[in-house]
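Trainee: Fold the following and give me the result.
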Amino acid sequence: MRWPALAIAFLLIGVSLAAGSVRADSTIVVSGTVTDVDGDPFPGVTIVIRNTGSQATYNVTTDSNGWYSRSIAAGNYSIMANYTGYMANITYENVTTSGNDLDFFMYEILGTVKGYVTDGNRPIIGATVTLAGANVTSYAYTVKPLSEYRFENVTPGSYVIYATKEGYNISSPVLISLNKGTVLEVPFTLDEIIAQYAKLSGRVTYNGDPMEGVKVVLTPEEGAELVTVTDSKGNYTFSHVPPGEYTVRLSKDGFVTTDKGLTIEPLKSIVQDFSMKRNTLPGNSGFVLDYDLSHSMMVVGLGLALLVTMASLFLRQRIKRNPDLLAREEEPAPSKE
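Mentor: Numbers count the residues shown, from 1 in each chain. Prediction:
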């Protein structure tokens, strides 16, 4: 009778041990510490433990030392930390075993400002959005393709925000008030600046004839000069001239440089013709039109030489055709006896 009794006793002990083992494997313990960004304990943080299969949720709150611990049924869990106005650095996923190193640190959720900059239809790539406050450093964000601008972790306070882009009118400044955890969306629409260019053209002549190759320089009071050259018909054109005050200068070798002041008005088409004069040497007055004295004398000398040459040729031809003319000139005068 003793052997059956002993067998039953050992059997009961084995069942008890197996049951204890099953109970031990059916639970896990998760724990850790929560601190702030400075490493100090963060009490009162709610640790949310959610079974990813059954969606069963267990909550535990950190104590004065930032410590939490919770025994839960075995399974697959995600573990996160929640505290109003703050965000945890991590969310643990696929937790299936006990662990005491599931730590968090919390950082304060400040303000966020975001939005798009468009021309009314399309995003304006490269636009700069500036966020400026009285007591803080200004923030600037350059818009990227297919992207919104975004300022994150902005200190709570009052700000002025505006958008700019070269070639567009600056947006009207917007005054915003940003609180902790606030997300504000501020869109901007920029209007493109329409260029108010003018056109300047004309004709350059000498004695009524068109002059080709005259250099025409248009110089503003500020900015870069514009340069062109007259064509075979003496015409010049400047098609895109910003409004303002200008000086027009015409120059060509052998001719007097001509300067003239012009006022260019927006969206106007201005025609300005010029007549140029030949150079003359200072202090000399020529008697041939548009020539100085030395050149006038040269022209007269060449003309006289040409006349003498033509006269000589004419006489030679006459003598060749009629030799008697030369004989008559050589006959002695008749005697008066």
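Trainee: contacting residues for I170?
Mentor: Y162, A163, T164, L190 (CB atoms under 8 Å, 6 or more residues apart in numbering). The C-beta positions use only the backbone N, C-alpha and C, and glycine is treated the same way.
Trainee: can you tell me how far the closest residue to the last one other than its chain neighbours sits from V37?
Mentor: With sequence-adjacent residues excluded and distances taken as CB to CB, 6 or more residues apart in numbering, L190 is closest to Y168, at 4.0 Å. Taken as CB to CB, to the nearest Å, the spacing of Y168 relative to V37 amounts to 40 Å.
Trainee: Ok, I270 next?
Mentor: Distance from I270 to V37, by CB to CB: 67 Å.
Trainee: Settle it for me: which of the two has more neighbours?
Mentor: Neighbour comparison, I270 and V37: the larger count goes to I270, with 15 against 12 (by other CB atoms under 10 Å).
Trainee: The more buried one is in contact with I264, isn't it?
Mentor: Yes: taking CB atoms under 8 Å as the definition, I270 is a contact partner of I264 at 6.7 Å.
Trainee: list residues touching both of those two?
Mentor: Between them, I270 and I264 share these contacting residues under CB under 8 Å, 6+ apart: A198, L200.
Trainee: What is the neighbour count of the residue nearest to P123 when sequence neighbours are not counted?
Mentor: Of all residues not flanking P123 in the chain, Y116 sits nearest, at 6.1 Å (CB to CB, 6+ apart). Y116 is flanked by 19 other residues according to other CB under 10 Å.
Trainee: returning to what we had before: residue contacts, the residue nearest to L190?
Mentor: Going by CB under 8 Å, 6+ apart, Y168 touches D119, I124, A127, L190, D191, E192, I193.
Trainee: can you check Y68 too?
Mentor: Y68 makes contacts with S31, G32, T33, V34, V45, I47, V60, T61, T62, as judged by CB under 8 Å, 6+ apart.
Trainee: Name the helix or strand for the fourth one, please.
Mentor: In this structure, V34 is located in strand 27-36 according to DSSP states H and E.
Trainee: For whichever helix or strand comes after that strand, buried residues please.
Mentor: Next along the chain after strand 27-36, taking DSSP H and E as the criterion, comes strand 46-51. Judged by neighbour count (16 or more other CB atoms under 10 Å), strand 46-51 contains these buried residues: I47, I49, R50, N51.
Trainee: next one: stretch 88-95
Mentor: For stretch 88-95, a neighbour-count test (16+ other CB under 10 Å) marks A88, Y92, V95 as buried.
Trainee: Can you name the residues bridging to the first one?
Mentor: Note on A88: beta-bridge partners M106, judged by DSSP bridges.
Trainee: dump the residue contacts of the spatially closest residue to D40 that is not a sequence neighbour.
Mentor: Once flanking residues are discounted, D40 sits nearest to G66: 8.0 Å by CB to CB, 6+ apart. By CB under 8 Å, 6+ apart, G66 lies in contact with T33, V34, T35, D40, P41, F42, P43, V45.
Trainee: What of V29?
Mentor: Neighbours of V29 in contact, by CB under 8 Å, 6+ apart: S69, R70, S71, I72, S98, N100.
Trainee: and the two most separated of these?
Mentor: Largest separation among these by CB to CB: I72 and N100, giving 13.8 Å.
Trainee: Using a markdown table, lay out the contacts of G66 together with distance to E221.
Mentor: Shown next, in a markdown table, are the contacts of G66 (distance: CB to CB, whole Å):
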| residue | distance to E221 |
| --- | --- |
| T33 | 71 |
| V34 | 68 |
| T35 | 65 |
| D40 | 65 |
| P41 | 69 |
| F42 | 66 |
| P43 | 71 |
| V45 | 68 |
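Trainee: Only the buried subset of those residues, as a ChimeraX command please.
Mentor: In ChimeraX, this line selects whichever of the contacts of G66 come out buried by 16+ other CB under 10 Å:
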select :33,34,35,42,45
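Trainee: what's the most distant pair in the contacts of G66?
Mentor: D40 and V45 (12.5 Å).
Trainee: How far off centre is the longest helix along the chain?
Mentor: In the chain, taking DSSP state H as the definition, the longest helix is helix 293-321. Relative to the chain's own centre, helix 293-321 is displaced by 73 Å; criterion: CA atoms, centre = their mean, to the nearest Å.
Trainee: do the same with stretch 257-273
Mentor: 32 Å.
Trainee: what's next to it, contact-wise?
Mentor: 196-205, 241-251, 274, 276.
Trainee: out of those residues, which are buried?
Mentor: Among the contacts of stretch 257-273, those scoring as buried are 198, 200, 202-205, 241, 246, 248-250, 274, 276 (criterion: 16+ other CB under 10 Å).
Trainee: can you map out the strands along the stretch 151-300 of the chain?
Mentor: 157-164, 174-178, 183-185, 188-189, 198-206, 209-210, 215-220, 226-229, 235-241, 244-251, 258-264, 269-271, 274-275 (DSSP state E, counting those that start in this stretch).
Trainee: What pairs with the last one, parallel or antiparallel?
Mentor: So the one you mean is strand 274-275. Sheet pairing of strand 274-275 (DSSP bridges) gives strand 198-206 (parallel).
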